[in-house]
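> sequence and predicted structure below; questions after.
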Amino acid sequence: MRIMFSRRSLIATVAAGAVLAGAGPLAAQDWPTGPVHLVVGFPAGSSPDTIARLVAAPLAEKLGQPVVVENKPGAGGVIGVQQMLTATDGHTFATTINGPLTTAPRLVPGLGYDVAEDIAPVALIATSPLVLAVSAEAPAADVADFIAEARANPGDLAYGSVGQGSGAHLTAELFADTAGIEMLHVPFTSYAEVTTSIMGGEIDAGFMAPSAALPHVQAGKMKMLGITSSTPFANVPDVPVIAGQAGMPTDFRAELWNAFIAPAGTDPEVIATLNADINEILADPGVQEKLLAIGWQTASGSAADLATRITEDTAVWGGVLDRIEAKQ
């Protein structure tokens, strides 16, 4: 049920800088009283930027104030979160992928923020699974075949990713550990290099966004053995989920996600209003269609649901990082 608030009701807001400095909340006032700023830690034209703008336009209509998207790219989205936390106007928020909230505390020295202490979850916006892609000439016809081949040749199968600590890297390591197999990691700088190396037979596999693999599958040069979401993905409905195959647990899941966040201390009524508005926006078939076109599917839920997702994924990826470090 949508929680209704008058756009001119009294809502207290708390500036991020005041919260971090230990100051008390601002006096209650009508909110929003001016433009809302939405920081994105990626460049214009990227999928996180596109997602932010898909939400920003209808959100502005609901709030009765402009929602200005500000691109602050760098450090895998971390700079965007840091930028949000420097604002003191009570009108600055951010959209971010999962990395800055789940793996950055382990991977980024001097992060400058504590997720549990400094970030207030608002709403999960969208999720994107990865597919296990191999060459069209690969002998494996499904995930079971791939796992069997890896078990028969420990450490011989090589997979590519877009770098150490990337979602593709961690997903492959989670898959390998869960399946009880060993694979060789070969880092690249782009998915284009990964796909070229798979098709050229230089490496055996890679986990990547369905949209990155699909053109090569349609050209008959690659095939997708499985997908990491818990349910089939609309863009590639015929690709089976990895969960439940070849002894893999039925709850196996590894997804990228995009979320709307606020500085800690933001008034709960502001968060409730934003959450309700965002969920309404995501229920629009037109928004859903536009997200699918860039390889994402809409998500929904409460701020508490997002908080749970952050906690669960931090634990999962923390375990993966522990195992990677133990191998080194």
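Cool, got the structure.
> pLDDT score assigned to Pro58?
Model confidence at Pro58, given as pLDDT, is 98.
> could you give the number of residues near the residue nearest to Glu137 when sequence neighbours are not counted?
Nearest non-adjacent residue to Glu137, counting by C-beta to C-beta, 6 or more residues apart in numbering: Gly201, 7.5 Å away. Every C-beta, even on glycine, is put in place using the N, C-alpha and C of the backbone. When neighbours are counted by other C-beta atoms under 10 Å, Gly201 registers 10.
> wait, Gly201 touches Ala136, no?
No. Under the contact definition of C-beta atoms under 8 Å, Gly201 does not touch Ala136, with a separation of 10.9 Å.
> which residue ranges of the stretch 201-328 of the chain form strands?
Along the stretch 201-328 of the chain, the segments classed as strands by DSSP state E, counting those that start in this stretch run 205-208, 222-227, 255-263, 297-298.
> deepest-packed of these, please.
Most buried of the strands of the stretch 201-328 of the chain by mean neighbour count (mean count of other C-beta atoms under 10 Å) is strand 205-208; its value is a mean of 28.
> okay, that strand in CSV with CA atoms only?
The C-alpha trace of strand 205-208 is given here as CSV (Å, rounded to 0.1, in the frame of the first residue of the first chain):
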residue,chain,number,x,y,z
ALA,A,205,34.2,-19.0,-20.4
GLY,A,206,33.1,-15.8,-18.8
PHE,A,207,30.3,-14.4,-16.7
MET,A,208,28.8,-11.3,-18.3
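> counting by contacts, list what that strand packs against.
Other elements packing on strand 205-208 under the criterion 3 or more C-beta pairs under 8 Å, 6 or more residues apart in numbering; DSSP states H and E are strand 131-135, strand 158-161, helix 167-179, helix 191-199.
> that one pairs with which strands?
The pairing partners recorded for strand 205-208 under DSSP bridges are strand 131-135 (antiparallel), strand 158-161 (parallel).
> any idea which element Thr95 lies in?
Using DSSP states H and E, the secondary-structure element containing Thr95 is strand 92-97.
> show residues contacting the following helix or strand past that strand.
Counting by DSSP H and E, the next helix or strand C-terminal to strand 92-97 is helix 99-102. Residues outside helix 99-102 that contact it (C-beta atoms under 8 Å, 6 or more residues apart in numbering): 41, 76-78, 80-81, 115, 119, 167, 259, 261, 310, 313-314, 317.
> now intersect the residues you listed with the helices, please.
When these are checked against helices (DSSP state H), the matches are 78, 80-81, 115, 167, 310, 313-314, 317.
> what pLDDT does the closest residue to Gly244 other than its chain neighbours get?
Leaving aside its chain neighbours, Gly244 sits nearest to Thr250 (4.7 Å; criterion: C-beta to C-beta, 6+ apart). We note a pLDDT of 95 for Thr250 in this prediction.
> pretty sure Thr250 contacts Ile242?
No. If you go by C-beta under 8 Å, Thr250 and Ile242 don't touch, sitting 10.3 Å apart.
> looking at these two, which is more packed in?
A side-by-side neighbour count of Thr250 and Ile242, using other C-beta under 10 Å, places Ile242 first with 30 against 10.
> show me the contacts for the residue lying closest to that one once chain neighbours are set aside.
What sits nearest to Ile242 in space, not counting adjacent residues and going by C-beta to C-beta, 6+ apart, is Gly226, at 3.9 Å. When contacts are counted by C-beta under 8 Å, 6+ apart, Gly226 touches 131-132, 142-143, 239-242, 245.
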